[in-house]
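**Student:** Okay, sequence plus prediction incoming.
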Amino acid sequence: MLVAAAVCPCPPLLVPEVAAGAAPELDAARTACADAVGVLAAARPDLLVVIGPADEDGRGPHPAGAAGSFRGFGVPVDVRLGTSENQEAGPAAERPLPSSLAVAAWLLDRAQWAGPLEGLGVGEPLAPERCLTVGRELGARARRVALLVMGDGSACRTLKAPGYLDERAAGFDAMAARALGDADVDALKAMDESLAYELKAAGRAPWQVLAGAAEGAGLDGRLLYEDAPYGVGYFVAAWS
């Protein structure tokens, strides 16, 4: 059963070395992410599953020990999903982490996470009902399951945003922030797949996986951070 969840944004800019001179702009987001991960640790789960958006190469399971890198962003920063105590060897661990899970690995390393964990890359086209089914399956994986859910809101909040300005983006992000902050499973289930796609909201599928896992769990939510510093909606929430 799901006992806790943390929702965090997944821009590589969360890693200070990637952000370079702009790093202070996301200090509040980093602090909120650390607080949300702390809620996961306090829940003492038997299993932590890290979920994040991924392209075709990064979709599917990623075991503890899987490696990721931010070298593609011009900095020599490498990460692994988990600490030395829970890393696995073998071909599965050699498949590179998608960017979202690499950011999660960086967050968990900062928190010195040492418990059992695994990763799951979720494709943006995954249909809502399939997302819910995946979430239900994850929630049944162990007696006490926690989720670290990576994903961004719309990318259309300003003229300089990656998706340019779309007047629908602010309303979409406000709805997402309310649902995540209130742990509103029904609102997340009802999220419009087509609109999310048009607004380039990479968090839609991971959030709906969370909704499936949280069915019947009765968790309360807190919104710890909400902003759109680069025209992209970033949210941090903790469920427990």
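**Tutor:** Structure received.

**Student:** Which pLDDT value does the model give the residue nearest to G38 when sequence neighbours are not counted?
**Tutor:** Spatially, and ignoring its direct neighbours in sequence, G38 is nearest to A111 (7.0 Å; C-beta to C-beta, 6 or more residues apart in numbering). No exception for glycine: its C-beta is placed from N, CA and C like everyone else's. Looking at A111, its pLDDT reads 96.

**Student:** I figured A111 was touching C33, is that so?
**Tutor:** No: using C-beta atoms under 8 Å, A111 is not in contact with C33, being 9.2 Å away.

**Student:** neighbour-wise, which of the two wins?
**Tutor:** Just comparing A111 and C33: by other C-beta atoms under 10 Å the higher neighbour count belongs to C33, 29 against 16.

**Student:** mind listing what the more buried one touches?
**Tutor:** Applying C-beta atoms under 8 Å, 6 or more residues apart in numbering to C33 gives the contacts A6, C8, P9, L14, L107, Y225, V236.

**Student:** Now the second one, what are its backbone angles?
**Tutor:** Backbone dihedrals for C8, given as degrees, to the nearest 10, come out at phi -130, psi 150.

**Student:** who's in contact with it?
**Tutor:** C33, A36, V37, V103, A104, L107, L148, V149, M150, V236.

**Student:** and the first one, what element?
**Tutor:** Using DSSP states H and E, C33 sits within helix 27-43.

**Student:** buried stuff in that helix?
**Tutor:** Buried residues in helix 27-43, counting neighbours by 16 or more other C-beta atoms under 10 Å, are found at A29, R30, A32, C33, A34, A36, V37, V39, L40, A41, A43.

**Student:** Make TSV from those residues and add distance to V122 and pLDDT to it.
**Tutor:** Output for those, formatted as TSV (distance: C-beta to C-beta, whole Å; pLDDT from 0 to 100):
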residue	distance to V122	pLDDT
A29	21	98
R30	23	97
A32	22	98
C33	19	98
A34	23	98
A36	19	98
V37	19	98
V39	22	98
L40	18	98
A41	23	96
A43	22	98
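
**Student:** Of these, just say which sits nearest to A179.
**Tutor:** The closest of these to A179 turns out to be A36 (C-beta to C-beta; 15.8 Å).

**Student:** I'd assumed L224 was in contact with that closest one.
**Tutor:** Yes: assessed by C-beta under 8 Å, A36 is found in contact with L224 at 5.9 Å.

**Student:** and for the two, which residues touch both?
**Tutor:** V236, A237, A238.

**Student:** Shouldn't the second one be within a helix?
**Tutor:** Read it as A237. No: assessed with DSSP: H, G, I helix; E, B strand; the rest coil, A237 is strand; it does not lie in a helix.

**Student:** need the contact list for G151.
**Tutor:** 7, 9-10, 52-53, 100, 201-207.

**Student:** Extract the C-alpha set from the helix holding C33 and format it as CSV.
**Tutor:** What follows is helix 27-43, C-alpha atoms only, in CSV (Å, rounded to 0.1, in the frame of the first residue of the first chain):
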residue,chain,number,x,y,z
ASP,A,27,17.2,27.4,-4.3
ALA,A,28,13.6,27.5,-2.9
ALA,A,29,12.7,24.5,-5.2
ARG,A,30,15.7,22.5,-4.0
THR,A,31,14.8,23.1,-0.4
ALA,A,32,11.2,22.1,-1.0
CYS,A,33,12.4,18.9,-2.8
ALA,A,34,14.6,18.1,0.1
ASP,A,35,11.7,18.5,2.5
ALA,A,36,9.4,16.3,0.4
VAL,A,37,12.1,13.5,0.2
GLY,A,38,12.3,13.8,4.0
VAL,A,39,8.6,12.9,4.2
LEU,A,40,9.4,9.7,2.3
ALA,A,41,12.2,8.8,4.7
ALA,A,42,10.0,9.4,7.7
ALA,A,43,7.4,6.9,6.3
